[in-house]
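**Student:** need a 3D model of the sequence below.
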Amino acid sequence: MSLSPSSHSGDPDPSSGPPEAPAPAEGASVDPAEIAKFEAMAEAWWDPSGKFRPLHRLNPVRLAYIRDQACRRFGRDAKSPTPLEGLDLLDIGCGGGLLSEPMARMGAKVVGIDASHRNIAIAGLHAERMGLGIDYRCQTVEAVAESGERRFDIVLNMEVIEHVADVEGFMAASVGLLKPGGMMVVATLNRTAKSYALAILGAEYLLRWLPRGTHDWKRFLRPSELAHLIDRAGGHVLALEGVVYNPLTDHWSLSRDLGVNYMALAEATR
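**Tutor:** You can find the predicted model right below:
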């Protein structure tokens, strides 16, 4: 259920899309009702004018933030065409691959996981058509952590935690998948009156950017709550950054305002 786009040349033809999907992956953090919401919209992931248009508009600012933070942490050149060359990256809740693809283009070795078989099928089909080698899996973050297969330099946890059933277990698994010296970026929504007005009433009811019921305001996390979850999981928040929308320019930008959308940069401490 990740939110973010990249430039691309051609979208999958729904008529040649994947067959009927099997049941979603199971796990303590998986909320079947939340997975069903995104299953129903799966065909629209790569339509920049469709149901995921807000994510396509939001993506450039998030991609730049991830790239710049990674370059600072790993001593890379942000102006390089492949600044993440050789870094292992996990995209949790990758959806249709809107973040995984640009990360792969930047040179990262990407594993994208999602609890929805249909999302993974869409993501895999699109990546194949774009000539990108991305390791997509219908798997939960807990399953990846329990396998002990590998850890990652970068973990992306973007607009996922507000949709999971077990936030503590989810965050513990996420932080546990970081290599020593690695970084995690978490994007979510603050639980404020402002976020209810803009993200629920505005985005879902007035502007109809998203289907009604996409988000549950009660599941939004205040920055202090998110920091507490990360601390309990063995991590530490290094920085917080707000992301705001300007309706006059139809653009998103970074901001000190954490009242609605925000991102947290974190590291593992043990």
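
**Student:** list the contacts of Trp252.
**Tutor:** Arg57, Leu58, Pro60, Val61, Val243, Val244, Tyr245, Asn246 (Cβ atoms under 8 Å, 6 or more residues apart in numbering). C-beta here means a position set from N, CA and C on the backbone, and glycine is covered the same way.

**Student:** that one and Gly242: what is the separation?
**Tutor:** Trp252 sits 10 Å away from Gly242 when distances are taken as Cβ to Cβ, to the nearest Å.

**Student:** before we move on, what about Asp216?
**Tutor:** Distance of Asp216 to Gly242, computed by Cβ to Cβ: 21 Å.

**Student:** assign the closest residue to Gly124 other than its chain neighbours to helix, strand or coil.
**Tutor:** Closest residue to Gly124 apart from its sequence neighbours, by Cβ to Cβ, 6 or more residues apart in numbering: Tyr136 at 4.8 Å. Put simply, Tyr136 is strand when judged by DSSP: H, G, I helix; E, B strand; the rest coil.

**Student:** my read: Tyr136 touches Ile122, true?
**Tutor:** No. Using Cβ atoms under 8 Å, Tyr136 is not in contact with Ile122; the gap is 9.5 Å.

**Student:** between these two, who's got more neighbours?
**Tutor:** It is Ile122, of Tyr136 and Ile122, that has more neighbours when counted by other Cβ atoms under 10 Å, with 27 against 24.

**Student:** against Gly93, how distant is that one?
**Tutor:** Following Cβ to Cβ, the distance that separates Ile122 from Gly93 is 14 Å.

**Student:** sorry, back to before: between Asp216 and Gly242, tell me which one has more neighbours.
**Tutor:** Shown here are Asp216 and Gly242; by other Cβ under 10 Å, Gly242 has more neighbours (17 against 13).

**Student:** need the contact list for the more buried one.
**Tutor:** Taking Cβ under 8 Å, 6+ apart, we find Gly242 in contact with Leu254, Ser255, Arg256, Asp257, Leu258, Gly259, Val260, Asn261, Tyr262.

**Student:** now do Trp217
**Tutor:** The contact partners of Trp217, by Cβ under 8 Å, 6+ apart, come to Arg191, Ser195, Tyr196, Ala199, Ile200.

**Student:** please enumerate the helices of the protein.
**Tutor:** 32-40, 53-74, 100-105, 117-129, 141-147, 167-176, 193-195, 223-232 (DSSP state H).

**Student:** related to what we said a few turns ago, overlap of the contact sets of Tyr136 and Ile122?
**Tutor:** Residues touching both Tyr136 and Ile122 (Cβ under 8 Å, 6+ apart): Gly97.

**Student:** would you put the C-alpha positions of stretch 226-235 in CSV?
**Tutor:** Listed in CSV are the C-alpha atoms of stretch 226-235, where the atom choice follows Å, rounded to 0.1, in the frame of the first residue of the first chain:
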residue,chain,number,x,y,z
LEU,A,226,5.5,6.6,16.1
ALA,A,227,8.8,7.5,17.8
HIS,A,228,7.7,5.4,20.8
LEU,A,229,6.9,2.4,18.6
ILE,A,230,10.3,2.7,16.9
ASP,A,231,12.1,3.0,20.2
ARG,A,232,10.4,-0.1,21.6
ALA,A,233,11.4,-1.9,18.4
GLY,A,234,15.1,-1.1,18.9
GLY,A,235,15.3,1.9,16.7
